[in-house]
Each structure stands twice: as C-alpha cells, then as structure tokens.
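Colleague: how would this look folded up:
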Amino acid sequence: MHTVYTVFTVAGMTCDHCAASVTEELTELDHVTDVAVNLSTGAVTVTSADELSRPRVEAALAHAGHRLAD
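Modeller: Residues are numbered from 1 along each chain as shown. Purely as a prediction, here's the structure:
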C-alpha cells in the first residue's frame, strides 16, 4: 500500500465550521485517511491510500457547501 498526498485549494472557507464541514465530507471518501485544512490559504491536504478522482472530491465539497478554487 502506498500513501498519496493531494493538495486542493477550496474557495469560500472562512471559519472553523467551514473547515469542519469540508473535513467531514472528504474523510467519508473511500481510501481517505486524513484531511488537513489551512483556512488562511484555502489549502486542503488529503492523505489517502489511493488516487482520488476530481469529480468525487468536487461532489464531496459541494455537499459541504464549497467548491474547488478556479
């Protein structure tokens, strides 16, 4: 098994509740083992046991009320 670290930039995260929602939704994706959010930059580092598909990440973020930054 290998570990994959993927960094996404998420738009619109402004508070701890935003970070918690994003973390909760991304953690529910298959193979995700950790999610680290940096509110000041919008960076979200996802640790997983396999590559994540962008559409699955986008769907999880949309469920949390957020989206990937352009």
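
Colleague: contacts for stretch 20-37?
Modeller: 3, 10, 13, 19, 43-50, 52, 56-57, 60-61, 63-66 (CB atoms under 8 Å, 6 or more residues apart in numbering). Where you see a C-beta, it was placed from the backbone N, CA and C, and this is true even at glycine.

Colleague: Take these and keep only those in helices.
Modeller: The helices, defined by DSSP state H, take in 19, 56-57, 60-61, 63 from the contacts of stretch 20-37.

Colleague: how about those residues, which pair is most distant?
Modeller: A19 and R56 (19.6 Å; CB to CB).

Colleague: Looking at these two, which is more packed in?
Modeller: More neighbours surround A19 than the other of A19 and R56, with 20 against 13 (other CB atoms under 10 Å).

Colleague: could you measure that one against A49, distance?
Modeller: Distance, A19 to A49, using CB to CB, to the nearest Å: 23 Å.

Colleague: picking up where we left off before, sort out which of the contacts of stretch 20-37 are buried, if you could.
Modeller: 10, 13, 19, 44, 46, 48, 52, 57, 60-61, 64, 66 (16 or more other CB atoms under 10 Å).

Colleague: Turn those into a markdown table, including pLDDT.
Modeller: Below are those laid out as a markdown table (pLDDT from 0 to 100):
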| residue | pLDDT |
| --- | --- |
| V10 | 97 |
| M13 | 93 |
| A19 | 96 |
| V44 | 97 |
| V46 | 97 |
| S48 | 97 |
| L52 | 93 |
| V57 | 96 |
| A60 | 97 |
| L61 | 97 |
| A64 | 96 |
| H66 | 96 |
